[in-house]
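Q: Here you go, sequence then predicted model.
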Amino acid sequence: LINNAGVMSLPVRQATEDGFEMQLGTNYLGHYALTAHLLALLRRGHQPRVVNLSSLAHRSGKIDFDDLHGLRSYSPWKAYTQSKLAMLMFALELQRRSDAAGWGLMSNAAHPGFARTDLIANGPGASGLLWHVSRLLQPYVSHSAAEGALPTLFAAVSPEAKAGGYYGPNGFYEMKGPPAPAKIMPQAKDPAVAGGGPAALGCLRHADRCNVRFRRGRGLNAQPTEFATEPAMKVILFGATGMVGQGVLRECLLDPGVESVLAVGRSPTGQRNPKLHEIQHRDFMDFSAIESELAGFDACFFCLGVSSVGMDEERYRHLTHDITLAAATVLAKRNPGMVFIYVTGRGTDCTEQGRQMWARVKGKTENDLLKLPFKAAYMFRPAAIQPLHGIRSKTAWYQAVYVVAAPVLTLLKRIAPAYVTTTEQVGRAMITVARDGYPRPVLESEDINLV
Amino acid sequence: MTDWSAADIPPLNGRTAVITGATGGLGYETALTLAGAGAEVVVTGRNEAKGRQALQNIRNQFPNAKIAYEISIWQSYRRSPTSPRALPPRMARSIS
């Protein structure tokens, strides 16, 4: 991830949509938020690197905590130097946190020296003093944009680049020349600001001080947890041995955003993983014996389900509606902050009046779940689900159908992508929706694939 | 590291890079070089016309470049927030 975008020295104070001063918002806060969001993804990459673009200008920068956004007094250059200092501090801090938490990231920073780009024309414009000075000096002290990109490229791909390093041109005052380690000013290393001690998480805290949310997804203010420690989503999973449940379990165990999984079921999952705990429980209408163990969870993924084929309505209703509600009621009581996600199916009938028995029963189950006092409840209605990663259905005839239908599903996925989802997509979507929410309580296949 | 240059970049096939603000200037040069070395590159930038132009220019130099433009990386992130593998096929779609 190369955090490169930037604006320089805007002559008049401007604000981002979120109300941040434009240079701080564009150069630093946006990248901070982006990096936080992509962190889980980066960690799954091979030797991932994050490169932050700083500048020679960081040398005169100062983080002005009393007027971070230039509301009291705005100076174009001060705002720029502050944003570039913040980028350098962020790079160093990210490396420290990665080292402390074992994320395996390489975070470093680079600056282009004096490169001939549009940055000046986009900022102070062709009339400012800087522009005149630049033009006068350019031939002697500047290099091309391609040369200016070399320190960034070095930081991003060279085997010689070091974790927590800072690279710039090696010439006079680091203005031009091939890449070499660059000078980091002491204020960029200030632990009181950059966040060594508990007193000030400092630089990374700008974002929470601003207390701003993006229109969708997690707010900036939610992210320092991701940087500070392992994100802590504790998941309880019902139906972990079923086809959907196996897929969901797999994604939960793989996702660093999930801290632990408690699988509650009649039979063991047969899996061993430090994140996985299991409770074997027989009576799904009565959880009183294990109720105390069902507290302290952030999300419940309820993937328990049976086929209605050959079953009368009463029995199907008991196995589908009553058992789900029995579990959900206990969970809602014990976990007021819980997000509950229930797997139903396409065609579920929330009028509860329709002709198809299973759809009516599922509809009533959905309706009753949505009435429980969870923080949020979501109904996942996948249509065709393609099992991946060797996952099998327990229902013998389903499994037979899946084996036969595999090529058909693959084809269907081509021609009607909205209709087919995979066990992997269902699992990932559950984790994302539990963490970030979704605008609607019911998610059809196409929603699941889009999340 | 004396006189390190773009020629020293190792082959980057199979690697994925996301570069913000890469429709011009330093970001563009960075994207161009990484794409030329075989990386799959996602460039972002607010100006869609410049985005298209940047892709075109890169492809003119490297016809096999695996490169995509997103007006906002948030869009591709939201489509597939947990899969590094998911980016390249998405990229393929946004190329067309």
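A: The structure has been received and is ready for your questions. Residues are numbered from 1 along each chain as shown, chains lettered A, B, ... in the order given.
Q: Identify the bridge partners of the residue nearest the centre of chain B.
A: In chain B, the C-alpha nearest the mean C-alpha coordinate belongs to residue B:41, at 2.5 Å (C-alpha atoms, centre = their mean). Under DSSP bridges, the beta-bridge partners of residue B:41 are residue B:17, residue B:67.
Q: Now do the helix or strand encompassing residue A:330: distance to the chain's middle.
A: Element membership for residue A:330, per DSSP states H and E: helix A:323-334. Relative to the chain's own centre, helix A:323-334 is displaced by 28 Å; criterion: C-alpha atoms, centre = their mean, to the nearest Å.
Q: What of stretch A:8-27?
A: 25 Å.
Q: Endpoint to endpoint, it covers what distance?
A: 9 Å (C-alpha to C-alpha, to the nearest Å).
Q: Can you mark which positions in it are buried?
A: A:8-10, A:13-14, A:16, A:18, A:20-27 (16 or more other C-beta atoms under 10 Å in any protein chain shown). For glycine as for every other residue, the C-beta is placed from the backbone atoms N, C-alpha and C.
Q: can you tell me which of the residues you listed are up against chain B?
A: Among the buried residues of stretch A:8-27, not one lies near chain B by C-beta under 8 Å from any C-beta of the partner chain.
Q: ok and the residue in chain B nearest chain A?
A: residue B:21 (2.6 Å; C-beta to the nearest C-beta).
Q: Ignoring the adjacent residues along the chain, who's closest to that residue?
A: residue A:5 (2.6 Å; C-beta to C-beta, 6 or more residues apart in numbering or on different chains).
Q: and the one you found, what pLDDT?
A: Looking at residue A:5, its pLDDT is 95.
Q: And it, how far from residue B:9?
A: Distance, residue A:5 to residue B:9, by C-beta to C-beta, to the nearest Å: 22 Å.
Q: Ok, residue A:272 next?
A: Where residue B:9 is concerned, residue A:272 sits at a distance of 42 Å (C-beta to C-beta).
Q: More neighbours: the two, which one.
A: Per other C-beta atoms under 10 Å in any protein chain shown, whichever of residue A:272 and residue B:9 has more neighbours is residue B:9, with 20 against 6.
Q: Pull the contacting residues for that one.
A: Neighbouring residues of residue B:9 by C-beta atoms under 8 Å, 6 or more residues apart in numbering or on different chains: A:153, A:157-158, B:33-34, B:37.
Q: let's go with 10 Å and repeat that
A: A:150, A:153-154, A:156-158, B:33-34, B:36-39 (C-beta atoms under 10 Å, 6 or more residues apart in numbering or on different chains).
Q: And these, which of them are buried?
A: Using 16+ other C-beta under 10 Å, the buried ones in the contacts of residue B:9 are A:150, A:153-154, A:156-158, B:33-34, B:36-39.
Q: Sort out which one of the residues you listed lies nearest residue A:64 for me.
A: residue A:156 (30.5 Å; C-beta to C-beta).
Q: my guess is that closest one meets residue A:1, correct?
A: Yes: contact criterion C-beta atoms under 10 Å: residue A:156 and residue A:1 qualify, at 9.0 Å.
Q: Are there residues contacting both of these two? Which ones?
A: Joint contacts of residue A:156 and residue A:1 (C-beta under 10 Å, 6+ apart) are A:49-51, B:17, B:19.
Q: So which of these belong to strands?
A: Within these, residues falling in strands by DSSP state E are A:49-51, B:17, B:19.
Q: between the shared contacts of residue A:156 and residue A:1, which is nearest residue A:114?
A: Nearest member of the shared contacts of residue A:156 and residue A:1 to residue A:114, counting by C-beta to C-beta, is residue A:51, at 19.2 Å.
Q: how close does the closest one sit to chain B?
A: Here residue A:51 is placed at a distance of 9 Å from chain B (C-beta to the nearest C-beta, to the nearest Å).
Q: The closest residue to chain B within the stretch 151-300 of chain A: what's its closest spatial neighbour, skipping adjacent residues?
A: Nearest to chain B, among the residues of the stretch 151-300 of chain A, is residue A:178, at 4.7 Å (C-beta to the nearest C-beta). Once flanking residues are discounted, residue A:178 sits nearest to residue B:3: 4.7 Å by C-beta to C-beta, 6+ apart.
Q: isn't the one you found right next to residue A:154, touching?
A: No: judged on C-beta under 10 Å, residue B:3 makes no contact with residue A:154 at a distance of 11.4 Å.
Q: Burial check on residue A:283, number of neighbours?
A: Residue A:283 has 12 nearby residues by other C-beta under 10 Å.
Q: I'd like the distance between it and residue A:301.
A: 21 Å.
Q: and if you look at residue A:309?
A: 24 Å.
Q: same question, residue A:279
A: Residue A:279 is 15 Å from residue A:301, by C-beta to C-beta.
Q: How confident was the prediction at residue A:137?
A: 69.
Q: Low-confidence ranges, chain A, go.
A: A:18, A:118-131, A:133-135, A:137, A:191-232, A:308, A:347, A:350, A:386-420 (pLDDT under 70).
Q: How many residues are close by the closest residue to residue A:88 other than its chain neighbours?
A: Spatial nearest neighbour of residue A:88, chain neighbours left out: residue A:54 (4.0 Å); criterion: C-beta to C-beta, 6+ apart. The number of residues packed near residue A:54 is 33, by other C-beta under 10 Å.
Q: residue contacts, residue A:54?
A: Applying C-beta under 10 Å, 6+ apart, the residues contacting residue A:54 are A:3, A:6, A:27-28, A:61, A:83-91, A:109-112, A:151, A:166-168, A:182, A:184, A:188.
Q: So which of the residues you listed belong to helices?
A: Counting by DSSP state H, the part of the contacts of residue A:54 found in helices is A:83-91, A:151, A:188.
Q: could you measure the nearest residue to residue A:21 once chain neighbours are set aside against residue A:24, distance?
A: In space, and not counting its chain neighbours, residue A:21 is closest to residue A:69: 4.0 Å by C-beta to C-beta, 6+ apart. Distance of residue A:69 to residue A:24, given as C-beta to C-beta: 7 Å.
Q: how about the residues of the stretch 151-300 of chain A that lie near chain B?
A: Contact residues (C-beta under 10 Å from any C-beta of the partner chain) of the stretch 151-300 of chain A with chain B: A:151-154, A:156-161, A:167, A:170, A:177-181, A:214-217, A:251, A:254-257.
Q: Need the buried ones from those selected in ChimeraX.
A: A single ChimeraX command selects the buried members of those (16+ other C-beta under 10 Å):
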select /A:151,152,153,154,156,157,158,161,167,170,177,178,179,180,217,251,254,255,256,257
